[in-house]
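**Q** Next one to model:
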Amino acid sequence: MPPPPTAAATSAALRRDDLLRIASPLRSLLAAAPYAPPEGSSTSVKSLLASLLPSPSQQPPAGGAGKEAADLLLFCAAARSASAETPALHWVPEGLSKAAAGAMEEMAAAGGWGDAGEMLLAMMPEAVPPLKAVLKETDVDAEDDMICADKPPKEHAFVAAHQFRWLLSQVNYPKLGDLCWLVIPCALTALDHWSPDVKEQGMVSFMHIAKNVKVTELSLYEDAILDACCNNIPADDELWYRIVEVSVLLLTCTQRSNPRSPWYSKMLAEMLGHLERQPLNKERRVAWLSLIGPVFDAMGLFLLAHFRLLFSLFFQWMHADDDRTVLLVLERTHAVIKLTWIRQSPYISRFVDELVLLYKESATRKSREIMRNHIVGILVLLQKCKGQLFEEAWKKHEVDPDLTLLRSCLKELCTKDSSPEF
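**A** From the prediction side, this is the model:
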């Protein structure tokens with residue numbers, strides 16, 4: 001979708017003299033900032049930032065001050081996005097970051113905008129394309145300092161990703177919807193990048209996009225976005241929470257009214273297949289179990305197609321060493337049974353056996369009472385939805401001396417619900 005006519009370049013409203021004046025204290029603060037290139041790298045991020053500042057020693061651009069204004073905005077975006085956790089920008093001092101915020105206000109005043117937010121919105125069509133170009137040019141998996149002799153160093157991609165994420169985060173609903181044509185292709189480029197740090201900024205960017213645009217504004221891009229999410233499911237451990245979080249949000253946001261959408265089945269199958277290969281990875285299973293609920297709610301009966309793998313993992317995780325996993329599995333189990341009533345399922349007997357075993361194991365757990373409440377709730381739900389099948393599976397446990405309290409709880413609850421006694 002082409003940009004609207006009103007999105008023509010607006011940075012020309014800034015005079016070069018104003019840009020030089022605004023940039024001067026930033027240049028001094030940058031020069032005074034301690035910096036050492038990353039070990040094994042010959043690329044200076046500090047020099048990259050310095051190159052974005054207009055200099056009186058340089059010839060004025062032939063096309064006016066537009067490019068220098070956009071570069072100055074990109075410098076400010078880099079400084080504002082810096083933090084101790086930002087790999088390429090952790091060295092940026094707080095004073096420089098604050099000065100960058102003030103510089104943007106000065107730019108807005110000099111250019112006749114109401115505030116820095118209004119200026120940033122107007123200049124996004126000039127600021128984003130160079131960032132996308134850097135991300136695209138560096139999208140080659142390489143360990144060398146230089147990916148290719150005629151391409152930007154990989155450190156430039158790290159900076160560009162953080163600049164883009166910060167710029168994007170400054171535009172909210174409803175104005176962001178008008179910039180989908182600009183920001184979504186750049187976010188996709190970041191998400192498809194080889195670098196985990198760049199990927200993460202793409203994921204954070206899509207979280208912001210999904211929360212600040214209308215579903216109809218995403219419709220042109222939803223297949224490309226969801227495909228990119230699927231491709232990133234086998235991501236590194238450090239990115240697993242992020243990719244599940246953004247995938248769940250985008251999937252339910254774009255496909256909410258269509259549980260038959262093939263994207264639900266594809267995304268869930270990808271996640272389950274990946275979890276099946278690493279069932280003992282605590283961080284991955286806890287993240288997935290804590291985030292996947294909205295997908296289950298949206299799919300409803302269509303979860304039936306995934307029972308084999310889903311329940312296989314649930315049965316393993318019910319006996320995990322950590323209470324957090326067990327409690328999450330019990331919550332998700334209750335939700336799946338309530339949504340599907342496990343129709344035409346051969347898993348009733350296995351569920352009863354596993355839940356009874358977990359009830360016994362919970363005696364030594366710190367969260368024993370919470371677990372047992374969940375277990376009783378699931379067993380009551382199974383009895384309601386499967387009736388005779390459940391009672392047949394329960395018979396083998398009727399005389400177990402370790403289940404006296406469980407039988408008493410079930411009998412009491414079923415009596416209250418006017419259900420058959422055990």
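**Q** drop to CA atoms for contacts and neighbour counts, all remaining ones
**A** Noted.
**Q** for the stretch 151-300 of the chain, what spans make up the helices?
**A** 154-169, 180-191, 196-212, 215-218, 222-231, 237-255, 262-277, 282-291, 293-299 (DSSP state H, counting those that start in this stretch).
**Q** okay, these in a markdown table with distance to D321, mean neighbour count and mean pLDDT next?
**A** As requested, those are arranged in a markdown table below (distance: least, Cα to Cα, whole Å; neighbours: other Cα atoms under 10 Å; pLDDT from 0 to 100):
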| stretch | distance to D321 | mean neighbour count | mean pLDDT |
| --- | --- | --- | --- |
| helix 154-169 | 38 | 24 | 96 |
| helix 180-191 | 34 | 22 | 98 |
| helix 196-212 | 30 | 22 | 97 |
| helix 215-218 | 41 | 16 | 94 |
| helix 222-231 | 30 | 18 | 96 |
| helix 237-255 | 20 | 20 | 96 |
| helix 262-277 | 17 | 17 | 96 |
| helix 282-291 | 9 | 18 | 97 |
| helix 293-299 | 22 | 19 | 96 |
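**Q** The ones you listed: which one's closest to R372?
**A** Of all these, it is helix 282-291 that lies closest to R372, at 19.0 Å by Cα to Cα.
**Q** Packing partners of that closest one?
**A** helix 237-255, helix 323-340 (3 or more Cα pairs under 8 Å, 6 or more residues apart in numbering; DSSP states H and E).
**Q** just so I know, which of these lies nearest W181?
**A** helix 237-255 (16.8 Å).
**Q** packing partners for the closest one?
**A** Packed next to helix 237-255, using 3+ Cα pairs under 8 Å, 6+ apart, are helix 196-212, helix 215-218, helix 222-231, helix 262-277, helix 282-291, helix 293-299.
**Q** again, 7 Å this time
**A** helix 196-212, helix 222-231, helix 282-291 (3 or more Cα pairs under 7 Å, 6 or more residues apart in numbering; DSSP states H and E).
**Q** okay, these in TSV with distance to V159 next?
**A** Formatted as TSV, the helices and strands packed on helix 237-255 follow (distance: least, Cα to Cα, whole Å):
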stretch	distance to V159
helix 196-212	9
helix 222-231	22
helix 282-291	28
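**Q** of all these, which lies closest to S51?
**A** Using Cα to Cα, these put helix 196-212 closest to S51, at 21.6 Å.
**Q** same for the closest one, what does it pack against?
**A** Counting by 3+ Cα pairs under 7 Å, 6+ apart, helix 196-212 packs on helix 154-169, helix 180-191, helix 237-255.
**Q** tilt between it and helix 237-255?
**A** For helix 196-212 against helix 237-255, the angle by axes from the mean of the first three to the mean of the last three Cα atoms, to 10 degrees is 30 degrees.
**Q** could you check the angle helix 222-231 makes with helix 196-212?
**A** 140 degrees.
**Q** what's in contact with helix 196-212?
**A** Here helix 196-212 makes contact (Cα atoms under 7 Å, 6 or more residues apart in numbering) with 158, 161-162, 165, 168-169, 172-174, 176, 187-188, 190-193, 239, 242-243, 246, 250.
**Q** one more time with 6 Å, if that's ok
**A** Here helix 196-212 makes contact (Cα atoms under 6 Å, 6 or more residues apart in numbering) with 158, 161, 165, 172-173, 187, 190-191, 193, 246.
**Q** which one of the residues you listed sits closest to R407?
**A** Nearest member of those to R407, counting by Cα to Cα, is V246, at 42.5 Å.
**Q** and the gap between that closest one and W91?
**A** V246 sits 29 Å away from W91, taking Cα to Cα, to the nearest Å as the criterion.
**Q** what's the answer for I22, then?
**A** 22 Å.
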